[in-house]
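Trainee: No letters, just coordinates:
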């Protein structure tokens, strides 16, 4: 056995003395077992027991200053702080597994000063109503702090009653002390502890169990969103839920019949408020427990019952006109010393030292609970959805809510959407895909024909053609199922994780689009579809790939929008980001227009269509397209509003850069071109839309022939156009915009965009009227000399982006045509 010494400076010692001393010292401990001492009798009961060595006496000698043989090592070398004597086999794993003795965070056996002065916990202490209320409120705060992401060992498990709750029985209080009041023990009913407090703590434990069961499904990232480690303890999982509910009912009845009388007879301050506070908390715990129990049932069978219980819980929490809620009865409880031990983590099996945490305040806990209940209640409503776009709009607005949805509600949303390959407990992914494609692109009915319809010829249509069409569509459905479910799941992660995963799956949607285009081409041949003649030439429908392209464009835009929400961009990057968003929104608008053109062409009845053969009519028969038209119309209006706002913002910023009001920082270790490629790296390998280059960005945003006044006037027109589009959206029916499940969020979003437009219109108008702003722009200052000259009118000049590579091989529905976003002609 050999050893070495780590030191910041080399020290010359006698290696033989060092090795000899260490070997002799370790041999005294006799930590190992020699071969001769190994147990050979298989019948020996101690065969599988670990061979431990009691080193207590050795440590006692070391701590008393007598170092035995190791003193020879100390004499040979002068140790300094940070030096270590170790074996050659000592590695990183040993260092990470070791603990530092006498470190309060790592040495759980160390007696702290606070332990000496701490009041011991006495389980059979009688408590008065205010003390019971104080424990209940503190436990509620710990529960909500746990929901916010902290560990059980520093939140719920700090409650000492939680670990001994089943021991609270009447015979335990035969000879028990009381604290905090001047009454005899016989005068203080034990029901405040064995009934009221016990029922609430058991209810909290069962609620935490149901939450933990949901969180361990793997829908969220452990330690990033939620802490699920139970540290070897239990949450009374085996205790029946029905017994807990009955116990809560008994406590509520006892408080109303007996507790109220006792409290009023003993002159407690705010008697009615105190009784109301205890009853509200018990009723809230009962309703919340029942709601979680209904939500835990398979295939969303009892979501309607859960929704009713959640409504009751919300009413108890916030109160009604006739009855105050919990928010009106806070700060009535008293703290009980010893009921909570913040240092209990030191006694539990933990792989990491405890983190410093701050428990939420009572008001923060109530707000956290309100957020959880509202989100959970809204999730229960999605099982009766009417269209796929309504569903996906709910996912978008649920993810964007402020304050952000808690980890439990996001995990529950994933479980509700897809569990055991069932969507919302009753649909298959095939049905969801079919509804989504049909609602957006309105393909021929034969695409999704059933097996019975395929085998039965209709109007002269060949069975072989219908079967081949069905096989191709099913191939597409199989390839699309995972990207679509992943897309929904991503929207249930936290916002940072959403953006990160969206960048990863973007290439999957690009590959899916390429496959869908090949399938579409074969389907065009089978149904003998005639293209629509447009200004750019013949245009085919591309039903399946158009749906994929739409989803991919939504992902591309959401990635950039999330960057603003997460604060990833510097102020000097806003022009770059808004410019690229303008481009993506323009491409998306053109794509939606193209889809609307094909849908409208199918609804128009012409003489040519009447003369078509029965076979072709059977293959190309489509259901009514009115829902698709209204959906595309609402999406186009939203794209217009967003594009005009993005265009107006980057023109306003560019104008203020020209006048010197906004300065672009000169960063020493940064390059704008590198930053451009970094920001849009996720679009680099996409086949469509064509990625714009940095040179195009510089060329299209330098505005050499335009003054600041020109840009401000143009941006004002953009804000006015966006304002008009938002007004049209506000007038639309919910069924047209597909916002049935998120009406309030959608209306608030539109109103926020409307306020942005109004504020920017007013701000730009003031800048245009303020002549002092012109002093910052040389080109405008020269232009002011000729005051007689009329101000020019500005007309947008269409400018096409650079053509994509191999455009001839790219389907026409993915090409970028006439994207108008920057250049202007000045007409005198």
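Mentor: Arrived safely, thanks for sending. For clarity, every value in this text was computed on a predicted model and none was experimentally measured. Numbers count the residues shown, from 1 in each chain.
Trainee: CA only for contacts and neighbour counts going forward, please
Mentor: Will do.
Trainee: what sits up against the helix or strand containing residue 397?
Mentor: Per DSSP states H and E, residue 397 falls inside helix 388-399. For helix 388-399, contacts defined as Cα atoms under 8 Å, 6 or more residues apart in numbering pick out 375, 382, 385, 405, 432, 435-436, 439, 488, 491-495, 738-742, 745-746.
Trainee: Now the buried members of those.
Mentor: The neighbour count (16 or more other Cα atoms under 10 Å) marks 375, 382, 405, 432, 435-436, 439, 488, 491-495, 738-742, 745-746 as buried among these.
Trainee: Looking at the contacts of helix 388-399, which are in helices?
Mentor: Among the contacts of helix 388-399, the members falling in helices (DSSP state H) are 375, 432, 435-436, 439, 488, 495, 745-746.
Trainee: ok, of these, which one's closest to residue 221?
Mentor: For the ones in helices among the contacts of helix 388-399, the residue nearest residue 221 by Cα to Cα is residue 495; the value is 12.6 Å.
Trainee: so that closest one makes contact with residue 561?
Mentor: No - using Cα atoms under 8 Å, residue 495 is not in contact with residue 561, being 11.0 Å away.
Trainee: Next, count neighbours for the closest residue to residue 683 other than its chain neighbours.
Mentor: Distances taken as Cα to Cα, 6 or more residues apart in numbering put residue 691 closest to residue 683, at 6.3 Å, once the chain neighbours are dropped. Residue 691 is flanked by 20 other residues according to other Cα atoms under 10 Å.
Trainee: Need the three-state assignment for residue 691.
Mentor: In three-state terms, and counting by DSSP: H, G, I helix; E, B strand; the rest coil, residue 691 is coil.
Trainee: Look up how far residue 681 lies from it.
Mentor: Distance, residue 691 to residue 681, using Cα to Cα, to the nearest Å: 9 Å.
Trainee: So which bits of the helix or strand where residue 697 lies are buried?
Mentor: For residue 697, the host element (DSSP H and E) is helix 694-701. Using 16+ other Cα under 10 Å as the test for burial, helix 694-701 gives 694, 697, 700-701.
Trainee: helices or strands up against the helix or strand hosting residue 558?
Mentor: Using DSSP H and E, residue 558 sits in helix 543-565. Other helices and strands packing on helix 543-565, by 3 or more Cα pairs under 8 Å, 6 or more residues apart in numbering; DSSP states H and E, are helix 429-441, helix 495-527, helix 574-603.
Trainee: buried residues in the longest one?
Mentor: By neighbour count, and taking 16+ other Cα under 10 Å as the criterion, the buried residues in helix 495-527 are 495, 498-499, 501-503, 505-507, 509-510, 512-517, 519-520, 523-524, 527.
Trainee: if I look at the most centrally placed residue in the chain, how far off is residue 506?
Mentor: In the chain, the centroid-proximal residue (Cα atoms, centre = their mean) is residue 494; its distance is 2.2 Å. Per Cα to Cα, residue 494 is found 18 Å from residue 506.
Trainee: what's the answer for residue 200, then?
Mentor: Distance of residue 200 to residue 506, computed by Cα to Cα: 48 Å.
Trainee: same thing with residue 87?
Mentor: In terms of Cα to Cα, residue 87 sits 51 Å off from residue 506.
Trainee: got it, and residue 584?
Mentor: Per Cα to Cα, residue 584 is found 14 Å from residue 506.
Trainee: which secondary structure elements does the helix or strand containing residue 478 contact?
Mentor: Using DSSP H and E, residue 478 maps to helix 463-490. Here helix 463-490 touches helix 429-441, helix 451-455, helix 495-527, going by 3+ Cα pairs under 8 Å, 6+ apart.
Trainee: Let's see that with 10 Å instead.
Mentor: On a contact count with 3 or more Cα pairs under 10 Å, 6 or more residues apart in numbering; DSSP states H and E, helix 463-490 meets helix 388-399, helix 407-417, strand 418-419, helix 429-441, helix 451-455, helix 495-527, helix 543-565, helix 614-620.
Trainee: Could you figure out how far the helix holding residue 558 is turned away from helix 429-441?
Mentor: 90 degrees (axes from the mean of the first three to the mean of the last three Cα atoms, to 10 degrees).
Trainee: Quick one: distance of helix 543-565 to the chain centre.
Mentor: Here helix 543-565 is found 18 Å from its chain centre; the criterion is Cα atoms, centre = their mean, to the nearest Å.
Trainee: list the buried ones in that helix?
Mentor: Buried, per 16+ other Cα under 10 Å, within helix 543-565: 543-553, 555-560, 562-563.
Trainee: How about stretch 652-665?
Mentor: In terms of neighbour count (16+ other Cα under 10 Å), stretch 652-665 has its buried residues at 652-659.
Trainee: before we move on, what about stretch 526-541?
Mentor: 527, 539-541.
Trainee: ditto for stretch 323-335
Mentor: 324-327, 329-330, 332-335.
Trainee: and which of the residues you listed is nearest residue 720?
Mentor: Closest approach to residue 720 among these (Cα to Cα): residue 327, at 43.8 Å.
Trainee: you'd agree the closest one is up against residue 314?
Mentor: No - counting by Cα atoms under 10 Å, residue 314 is not a contact partner of residue 327; they are 11.1 Å apart.
Trainee: what's the helix or strand for the residue lying closest to residue 419 once chain neighbours are set aside?
Mentor: Computed as Cα to Cα, 6+ apart, the closest residue to residue 419 that is not its neighbour in sequence is residue 425, at 7.0 Å. Using DSSP H and E, residue 425 falls within no helix or strand.
Trainee: So for residue 425, what's the pLDDT?
Mentor: Note on residue 425: pLDDT of 89.
Trainee: residues contacting it?
Mentor: 298-301, 383, 415-419 (Cα atoms under 10 Å, 6 or more residues apart in numbering).
Trainee: Just send those residues back as TSV, with neighbour count too.
Mentor: Listed next are those as TSV, based on neighbours: other Cα atoms under 10 Å:
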residue	neighbour count
298	13
299	19
300	21
301	16
383	18
415	24
416	22
417	24
418	20
419	15
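Trainee: Closest one to residue 117 out of the residues you listed, please.
Mentor: residue 415 (48.0 Å).
Trainee: roughly how far apart are that closest one and residue 110?
Mentor: Taken as Cα to Cα, the span from residue 415 to residue 110 is 44 Å.
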